[in-house]
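Colleague: Predicted model and sequence follow; I will ask about them next.
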Amino acid sequence: MYSTSGATNLAIKKGWDAHVDAHNAVSVKAMADSYSDDCYISYYDVANKKRTEFKGVAGKKAFSKEHLDSLKMNDGNPTTDINVKNFFYGKSLFNQWNIKSDSFSYKDGMDNFIFNDAGLITHHYQWYFGTKFVAKFESTKDPEAATTLSAPISTLAAGPSSCFGSHHHFVGIQDTEGILNTFTEDVFISFFNITTNSSQEFKGHKEARFFYNAFFKLMATIQLGDFKVAENSTTNGSEPKGTFSFAWSAPNAGIKKAADFFVFGKGNKISELWMTYEAPVLVV
């Protein structure tokens with residue numbers, strides 16, 4: 001007997017459907033009820049090398065709250081950015097998945113569930129690469145603490161330098177809300193595409209959020225290491241205090257060449273971002 005994408009045992013099918021429905025409704029009680037009272041839950045976050053265990057009634061409630069909170073979007077609704085592949089065999093289920101919300105990213109996740117005769121989950125083992133979003137930028141942070149693109153920023157003032165590093169850290173992990181924390185409330189973004197000879201403009205956090213959500217769809221297939229900063233392109237040493245620019249590319253996303261120019265404003269946050277690139281059309 002081979003594994004199947006859907007449960008063949010009716011009790012397990014009912015139990016699994018209840019678990020999925022709880023996910024969709026972000027209902028802590030309903031999710032906890034899909035586990036047995038003597039359940040054991042263990043997850044391992046590979047990115048942070050952290051293993052966490054939950055046991056029994058208190059454990060299933062705590063796990064359900066923690067997990068469902070991580071799946072909520074900013075409006076309180078559950079994320080729909082979920083890709084799950086199920087493999088049922090007997091009383092067990094193995095699945096592979098990727099999930100992303102406004103507050104958390106689960107990459108290359110794997111679960112193994114064991115069910116009892118009543119269709120309740122008795123054991124749940126989880127493994128994933130996890131990234132918690134929105135570590136808010138503060139201008140007093142160490143200027144070298146958050147940079148991830150290896151751009152030489154040491155000649156910038158501490159506030160703008162720290163902001164620049166934090167901004168690119170959030171870009172690297174595709175954390176839209178974190179990026180917004182590095183912008184002033186009235187930030188202005190100009191995005192000019194050489195390919196189409198056209199410009200798109202965005203002002204304020206609301207429009208900036210639309211822009212980055214669209215930008216990350218374009219960049220969905222690449223990793224941070226795929227960004228290529230052009231050698232000797234950074235000009236922070238010769239630019240006025242409070243500005244910074246560099247040239248870059250991301251060939252795996254179809255971005256042949258690009259240049260960014262940052263202007264820093266109130267609170268050492270980014271007040272203007274001028275972006276020029278040669279790449280596919282950005283659909284906002």
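Modeller: Now that the structure is in, tell me what you want to look at. As the structure is a computational prediction, the values presented were derived from the model and not from experiment.
Colleague: Ala192 touches Ala258, doesn't it?
Modeller: Careful, residue 192 is Phe and not Ala. No. Taking C-beta atoms under 8 Å as the definition, Phe192 is not a contact partner of Ala258, at 10.1 Å. All C-beta spots, glycine's among them, are computed from the backbone N, C-alpha and C.
Colleague: So which of these two has more stuff around it?
Modeller: Between Phe192 and Ala258, counted using other C-beta atoms under 10 Å, the more crowded position is Ala258 (20 against 16).
Colleague: so what's the more buried one closest to, chain neighbours aside?
Modeller: Nearest in space to Ala258, with sequence neighbours left out and distances taken as C-beta to C-beta, 6 or more residues apart in numbering, is Tyr277 at 3.7 Å.
Colleague: Which secondary structure state does the one you found sit in?
Modeller: strand (DSSP: H, G, I helix; E, B strand; the rest coil).
Colleague: cool, and the one 4 residues further on?
Modeller: Classification of Val281 by three-state DSSP places it in coil.
Colleague: Also Lys107?
Modeller: strand.
Colleague: So it versus Phe170, what's the distance?
Modeller: Distance from Lys107 to Phe170, counting by C-beta to C-beta, to the nearest Å: 16 Å.
Colleague: Please identify which of these two sits among more neighbours.
Modeller: Neighbours per residue (other C-beta under 10 Å) separate Lys107 from Phe170, with Phe170 holding more: 24 against 15.
Colleague: List the residues that contact Asp45.
Modeller: Asp45 makes contacts with Arg51, Thr52, Tyr128, Phe129, Gly130, as judged by C-beta atoms under 8 Å, 6 or more residues apart in numbering.
Colleague: Return the distance of the first one relative to Pro160.
Modeller: Right, Arg51. Separation of Arg51 from Pro160 (C-beta to C-beta) stands at 39 Å.
Colleague: between the two, who's got more neighbours?
Modeller: Pro160 (24 against 10).
Colleague: Averaged pLDDT, the helix or strand hosting that one. What do you get?
Modeller: Secondary structure assignment for Pro160, by DSSP states H and E: helix 158-172. Here helix 158-172 scores 82 as its mean pLDDT.
Colleague: Check stretch 181-189 too.
Modeller: Mean predicted confidence for stretch 181-189 is 95.
Colleague: now do stretch 67-77
Modeller: Stretch 67-77 comes out with an average pLDDT of 92.
Colleague: now do the same end-to-end measure for it.
Modeller: Start-to-end span of stretch 67-77 (C-alpha to C-alpha, to the nearest Å) is 14 Å.
Colleague: hey, what's in contact with both of Phe192 and Ala258?
Modeller: In contact with both Phe192 and Ala258: Met275, Thr276, Tyr277, using C-beta under 8 Å, 6+ apart.
Colleague: Which residue would you name as the spatial centre of the protein?
Modeller: In the chain, the centroid-proximal residue (C-alpha atoms, centre = their mean) is Ser105; its distance is 4.1 Å.
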